[in-house]
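1. Sequence and predicted structure are below.
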Amino acid sequence: IKVSFKKVHSSLFIVTNASSFIPYIPQAIGIWIARILGLSLLWLVILGRFCNLVCYALITRLAIKKAKGFEILFGTIALLPMCVYLASSFSTDGMVNALTFYLIAQFCHLINREQKVSLRDMIIFAALSLVLATMKLPYVLLVGLLLFIPKEKMEVKKNYLYAALLIFVTAILSFLWLKQSSDINASKVTHGVNPVDKIKFTIAHANIFFKTFLREWIDLIPNKMGSLFTFGWLTYGLGNISWYYLIFVSSILLMIPQSLPLPKISKVGTALVATGVSFGILMTSYLMWGQTADISFAGVQGRYFTGVLLLLGLFVNCSKVFYPQNNIDSEEATDKREYFVYVIANLFILMSVVLTILQYYGVKN
């Protein structure tokens, strides 16, 4: 029995390391190319970042192609300055964002395509959710979208039972991966952190926790989401101009017409999953990065909520109020909107790059 347990433990260690290595593959390819060509360290860094950006662009392009009717929404979120910055760096969040976009786009594709959803489609969706869990655990909740596919799109009625079973299996495997990866990375966890003791402390101080949690949730937009509009960390980027970017993104979420809007049940699903992911992000930071007796949410950053923003874009849309005309879905009108939106998005990125360079390399008094 001990030998069998050791074999299972070793297998889990290999799987954990292999799955955690997935977001590093593009950078590894760039580094490998630089080493094969005998290039300098500078070119090693440049090629590693370039391959990461290319991989992000390709997966995002595939996601936009699948998200028929939501191209502008997906394109705008993918072109957020922080998303572009992460994609062009050695950060794994570039791959996380790209896979998140693709998974949400696949959900839209399953609903809007002519073919009905089969068991094979759901297994692939659950598998991708599990892969995403190894990169950013709260986003494993995207697998819950399977329950919000309209019944008329299901190949057979039993598919809802299969969907529930797949969600259960994905949850179990995600928990096992979390336990295993936590054991492996125990040395990297903040000193003095004990999630079990913290849960006990939180239960004993439930009133304070709920007040703090509610305040943190309300403060997400003014205090956290602004970092999505910067091209770098902390003070780099647009500065006060970033509030204009918030207006721009809000207009995309609320006003851009959706030629193939999701059914009501699917919209409810995106809202619930977005709420669940947000809760998961906050609780992960609370349990993993704070001291046992500290009721605060340390380490929460706006870049964690990119997928949440996209899900909300599928849920909240008031385009019928702003565009009552009959020709809003014409090809000419769509082309004009796409051109206008992407020009503004790229203009903001250009401004972010220029201001970041001036702030980082500018002459100080």
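-> Nice, thanks for sending it over.
2. Which parts of the stretch 201-350 of the chain are helices?
-> 206-218, 242-255, 264-289, 306-315, 319-322, 331-361 (DSSP state H, counting those that start in this stretch).
3. helices and strands around the longest one, which ones?
-> Where contact means 3 or more Cβ pairs under 8 Å, 6 or more residues apart in numbering; DSSP states H and E, helix 331-361 is packed against helix 71-78, helix 81-87, helix 242-255. No exception for glycine: its C-beta is placed from N, CA and C like everyone else's.
4. ok, back up a step: can you redo the helices of the stretch 201-350 of the chain as CSV with mean pLDDT?
-> Shown next, in CSV, are the helices of the stretch 201-350 of the chain (pLDDT from 0 to 100):
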stretch, mean pLDDT
helix 206-218, 82
helix 242-255, 82
helix 264-289, 88
helix 306-315, 90
helix 319-322, 66
helix 331-361, 81
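5. Any chance of the backbone angles for residue 157?
-> phi -70, psi -30 (degrees, to the nearest 10).
6. Pull up the gap between it and residue 163, please.
-> The gap separating residue 157 from residue 163 is 11 Å, by Cβ to Cβ, to the nearest Å.
7. These two: who's more crowded?
-> residue 163 (23 against 8; other Cβ atoms under 10 Å).
8. Touching, that one and residue 121? I think so.
-> No - at 10.4 Å, residue 163 does not count as touching residue 121 under the criterion of Cβ atoms under 8 Å.
9. Point out where this protein drops to low pLDDT.
-> 1-21, 181-194, 221-222, 233-237, 239, 319-331, 362-365 (pLDDT under 70).
10. change it to 50
-> Flagging of the chain using pLDDT under 50 yields the residue ranges 1-19, 184, 186-189, 365.
11. Need the residue closest to the centroid of it.
-> residue 307 (3.6 Å; Cα atoms, centre = their mean).
12. For it, give me its contacts.
-> 97, 100, 101, 104, 139, 142, 277 (Cβ atoms under 8 Å, 6 or more residues apart in numbering).
13. I would like a ChimeraX command selecting only the buried ones among those, please.
-> Command for ChimeraX, covering only those of these found buried under the criterion 16 or more other Cβ atoms under 10 Å:
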select :97,100,101,104,139,142,277
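14. Mark which of the contacts of residue 307 are part of strands, please.
-> Assignment to strands by DSSP state E places none of the contacts of residue 307 there.
15. can you tell me which of the contacts of residue 307 are in helices?
-> Applying DSSP state H to those, the entries found in helices are 97, 100, 101, 104, 277.
16. a markdown table for these, including distance to residue 228?
-> Shown next, in a markdown table, are the ones in helices among the contacts of residue 307 (distance: Cβ to Cβ, whole Å):
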| residue | distance to residue 228 |
| --- | --- |
| 97 | 11 |
| 100 | 14 |
| 101 | 14 |
| 104 | 17 |
| 277 | 15 |
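17. and which of those residues is nearest to residue 242?
-> Using Cβ to Cβ, residue 97 comes nearest to residue 242 of the ones in helices among the contacts of residue 307, at 18.6 Å.
18. what sits against the closest one?
-> By Cβ under 8 Å, 6+ apart, the neighbours of residue 97 are 56, 60, 78, 83, 86, 87, 306, 307.
19. most surrounded residue in those residues?
-> residue 307 (27 neighbours).
20. doesn't residue 291 make contact with residue 298?
-> No - at 9.1 Å, residue 298 does not count as touching residue 291 under the criterion of Cβ under 8 Å.
21. between the two, which one's more packed in?
-> More crowded of residue 298 and residue 291, by other Cβ under 10 Å: residue 291, with 16 against 12.
22. State the distance from that one to residue 197.
-> With distances taken as Cβ to Cβ, residue 291 is found 10 Å from residue 197.
23. Please apply the same query to residue 124.
-> Residue 124 is 39 Å from residue 197, by Cβ to Cβ.
24. those strands in the stretch 1-150 of the chain, which residues are they?
-> Taking DSSP state E, counting those that start in this stretch, the stretch 1-150 of the chain contains no strands at all.
25. so residue 295 makes contact with residue 206?
-> No - counting by Cβ under 8 Å, residue 295 does not reach residue 206; the two are 10.1 Å apart.
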